[in-house]
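Novice: Okay, here's the prediction I keep looking at, along with the sequence it came from:
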Amino acid sequence: MKPSDLLKLPKNLRKSYGDLNVADSLERYESWLDRREQAETQDDKYDHTETVSEYYDLFTELMQFGWNESLHFAPISQDESLEEAIVRHQRHMIKKLELEEGMKVIDVGCGLGGPMRRVAKESRAKVFGINNNEHQLEQAKQKTSEAGLDHLTEYYQCNFMDMSCFEGNSFDAGYAIESTCYAPRKERAFAEIFRVLKPGALFWGQEMCLTNVFTPDDEHHCTTRDEIKFTLALCDLFTFEEVNQCLEKVGFEIVEAKDHELNDGSSVPWYQPMDGLTSSLRSWLRVPGGRSTLAGGVRLAEVVGMFPKDSWRVIDLLDRQADAYVAGGKSGIYTPLYCFLARKPESS
């Protein structure tokens, strides 16, 4: 990130929010748990996929500004930046999926298309990205066109709980990076992915999970878990075993599955970029001092109309989200790096 990118943020936020009333959207988002509970007790309708889309309407521009156009975590070695770690992690996935030119690959929940572009560029496979958020999808298309990769990509506005726009047995491989953790019913999401993959196809997933350290009788553990769920719009947080059970129940064979947080002394904790790892302007904006400075500066700039009204409150909520991540990581109860490789049996 260059200092000039900071000057572009007001314009980019205005473009991202468009006609969105930020205050109203924040109020609606902050009530999602109450609305879900009310729907359960009063038989009202509640669609969690709408909540997730509203979450990304509010946070996408700021997340890519402070993080990366690939909105996911990666195991980080001592000698590399977060950006380098993300590229290395994506290449690891490409290798595990055995991707090559001519294959058809589905990206389930493609976000801004960062992993898609890496897959298309380096494997020459054709990647089909699905995303339920219109704003993210438009940005993904634009970034991919600018990268000259239109011929190797296709985008669909689609909910991964129902991918009926694709016939069964359509894809040679698939992946879902920190996307199916948002599914209101994980088993159903995995069943749809299973349906559209060809027999013998490999599927890579990266899930946000509770670790085996989590103890449901520990009040601090439960408070941290609930804060992560609320700030990230996660319907639930599964354990490693629960994810595996969902995969196997729909028919997948698990080839390998593990927490990719490295523990051999050659890495830094996955949450370190939000807790003190700074080497650039962007990395400084990820840590507590940078986040609070940005929120305060934006709040002052709103007075003269430089930023959309209540942008600082969105940054403040992202700051709260980062604190929840770090608390989950430091306590050892949470990881965003539970990665699995599964296969659809040849006989399916």
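Specialist: Yep, it's here.

Novice: switch to C-alpha atoms for all contacts and neighbour counts from now on
Specialist: OK.

Novice: Grab the CA positions of whichever strand or helix holds Ala176 and hand them over as CSV.
Specialist: Here Ala176 sits within strand 171-177, counting by DSSP states H and E. Provided in CSV are the C-alpha atoms of strand 171-177 (Å, rounded to 0.1, in the frame of the first residue of the first chain):
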residue,chain,number,x,y,z
PHE,A,171,-16.5,-29.8,-12.3
ASP,A,172,-13.1,-31.4,-12.2
ALA,A,173,-12.2,-29.9,-8.9
GLY,A,174,-13.5,-27.3,-6.4
TYR,A,175,-12.5,-25.2,-3.4
ALA,A,176,-14.1,-23.1,-0.7
ILE,A,177,-11.8,-20.7,1.2
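
Novice: Pull the residues that contact it.
Specialist: Applying Cα atoms under 8 Å, 6 or more residues apart in numbering, the external contacts of strand 171-177 come out as 72, 97, 99, 103-110, 193, 196-198, 201-207.

Novice: what's the following helix or strand after the longest helix belonging to the chain?
Specialist: Among the segments of the chain that qualify as a helix by DSSP state H, the longest is helix 311-331. Going down the chain from helix 311-331, the next helix or strand is strand 334-343, by DSSP H and E.

Novice: Name the residues that touch that following strand?
Specialist: Applying Cα under 8 Å, 6+ apart, the set of residues contacting strand 334-343 is 73-75, 96-97, 178, 200-211, 214, 225, 240, 247, 252-261, 325, 328-329.

Novice: 7 Å instead?
Specialist: 73-74, 200-211, 252-261, 328-329 (Cα atoms under 7 Å, 6 or more residues apart in numbering).

Novice: Between strand 171-177 and it, find me the angle.
Specialist: For strand 334-343 against strand 171-177, the angle by axes from the mean of the first three to the mean of the last three Cα atoms, to 10 degrees is 170 degrees.

Novice: Might you calculate how far strand 334-343 sits from the centre of the chain?
Specialist: 13 Å (Cα atoms, centre = their mean, to the nearest Å).

Novice: same thing with stretch 26-44?
Specialist: Centre to centre, stretch against its chain (Cα atoms, centre = their mean), the figure for stretch 26-44 is 23 Å.

Novice: just stretch 110-119 next, same as before
Specialist: When C-alpha coordinates are averaged (Cα atoms, centre = their mean), stretch 110-119 and its chain have centres 11 Å apart.

Novice: before we move on, the earlier item: got a quick PyMOL command for the buried subset of the contacts of strand 334-343?
Specialist: Of the contacts of strand 334-343, the buried ones go into a single PyMOL selection, burial set by 16 or more other Cα atoms under 10 Å:
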select buried, resi 73+74+200+201+202+203+204+205+206+207+208+209+210+211+252+253+254+257+259+260+261+328+329
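
Novice: Narrow the contacts of strand 334-343 to those in strands?
Specialist: Using DSSP state E, the members of those that fall in strands are 200-210, 253-259.

Novice: Tell me the residue in the chain that is farthest from the middle.
Specialist: Most distant residue from the mean C-alpha position of the chain: Val304, 33.4 Å away (Cα atoms, centre = their mean).

Novice: Let me see the ranges of the helices in the stretch 1-150 of the chain.
Specialist: Listed in chain order, the helices of the stretch 1-150 of the chain (DSSP state H, counting those that start in this stretch) span 3-17, 22-30, 32-42, 48-66, 82-96, 114-123, 134-146.
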